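Visitor: Model the structure of this input:
(2 chains)
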Amino acid sequence: QKEVEQDPGPLSVPEGAIVSLNCTYSNSAFQYFMWYRQYSRKGPELLMYTYSSGNKEDGRFTAQVDKSSKYISLFIRDSQPSDSATYLCAMNTGGFKTIFGAGTRLFVKA
Amino acid sequence: SQTIHQWPATLVQPVGSPLSLECTVEGTSNPNLYWYRQAAGRGLQLLFYSVGIGQISSEVPQNLSASRPQDRQFILSSKKLLLSDSGFYLCAWRERDTNQPQHFGDGTRLSIL
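Guide: Numbers count the residues shown, from 1 in each chain, chains lettered A, B, ... in the order given. Modelled structure (predicted):
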């Protein structure tokens, strides 16, 4: 079993839709949770960073962590074509290494 | 503010040739530095990380090596490239002794012919 599981998609939605991206994990020691956005031929860009359980909102993006279920989500409201990218979840126990999901490809159709 | 530079952006090399990819970070001191490889449709594979000058930890036995000759410089090398070394190579940095997330460069796309 992989430490972090993420559905690779692709996920295709119409412009304006609410997008839900998810990851599950197996290591209960993870405390720090991140979402990165990666455009084609570019490096991952940090979108959201949360510690422990709960919600964090930044503009159209909301990150949600449920440590009891070992499940994290990223919600994108009012999705735009410019949101079309690959979204990577990532998590860390507090040490040197971060574990990344394989990424979900998202297409937002105009 | 901190910035990270990786070059070249793309590289085409013949099998058996040497490799040198460079990464530099500006605006921070004593960062943790990382090299990853990303294969199409797959996650990020950690290759090396470094917590200081000359300190390199290898995660995957392979045809590659890394060096950190200066505090903010990280180099990925190979003496003889294999076809399987093709991929997208990413450098990342993180504030040392913190739980802050990693930040990535824009990567080098390496094609081996």
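Visitor: pLDDT below threshold where in the chain?
Guide: With no chain named, the answer covers chain A. Nowhere does chain A drop to pLDDT under 70.
Visitor: wrong one, I was asking about chain B
Guide: In chain B, residues with pLDDT under 70: B:41, B:61.
Visitor: Chain A contacts on chain B?
Guide: Taking CB under 8 Å from any CB of the partner chain as the contact definition, chain B meets chain A at B:6, B:32, B:41-44, B:46, B:49, B:51, B:57, B:90, B:92, B:99-107, B:109. All C-beta atoms are positioned from the backbone trio N, CA, C, and that covers glycine.
Visitor: If we use 6 Å, what do you get?
Guide: Neighbours of chain A within chain B, by CB under 6 Å from any CB of the partner chain: B:42, B:43, B:44, B:49, B:90, B:99, B:101, B:102, B:104, B:105, B:106, B:107.
Visitor: Just the buried ones from those residues, in PyMOL syntax?
Guide: A single PyMOL command suffices to select whichever of the residues of chain B next to chain A are buried according to 16 or more other CB atoms under 10 Å in any protein chain shown:
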select buried, chain B and resi 43+44+49+90+101+102+104+105+106+107
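Visitor: Tell me who's in contact with whatever residue of chain B ends up closest to chain A.
Guide: Residue of chain B nearest chain A, by CB to the nearest CB: residue B:104 (3.6 Å). When contacts are counted by CB atoms under 6 Å, 6 or more residues apart in numbering or on different chains, residue B:104 touches A:43, A:44, B:90, B:92.
Visitor: one more time with 10 Å
Guide: Applying CB atoms under 10 Å, 6 or more residues apart in numbering or on different chains to residue B:104 gives the contacts A:36, A:38, A:42-46, B:4, B:6, B:34, B:36, B:44, B:90-93.
Visitor: what number of residues lie near whichever residue of chain A sits closest to chain B?
Guide: Nearest to chain B, among the residues of chain A, is residue A:43, at 3.6 Å (CB to the nearest CB). Residue A:43 is flanked by 21 other residues according to other CB atoms under 10 Å in any protein chain shown.
Visitor: Without its sequence neighbours, what residue ends up closest to it?
Guide: What sits nearest to residue A:43 in space, not counting adjacent residues and going by CB to CB, 6 or more residues apart in numbering or on different chains, is residue B:104, at 3.6 Å.
Visitor: repeat for residue B:11
Guide: The spatially closest residue to residue B:11, leaving aside those adjacent along the chain, is residue B:110, at 5.1 Å (CB to CB, 6+ apart).
Visitor: Using the three-state scheme, assign the residue sitting nearest the centre point of chain B.
Guide: Central residue of chain B (CA atoms, centre = their mean): residue B:35, 3.1 Å from the mean position. At residue B:35 the chain is in strand, as set by DSSP: H, G, I helix; E, B strand; the rest coil.
Visitor: beta partners of it?
Guide: residue B:48, residue B:91 (DSSP bridges).
Visitor: Can you give me the distance of it to residue A:32?
Guide: With distances taken as CB to CB, to the nearest Å, residue B:35 is found 21 Å from residue A:32.
Visitor: Same question for residue B:71.
Guide: Distance, residue B:71 to residue A:32, by CB to CB: 25 Å.
Visitor: So which of the two has more stuff around it?
Guide: Here residue B:71 and residue A:32 are compared on neighbour count by other CB under 10 Å; more neighbours surround residue A:32, at 19 against 15.
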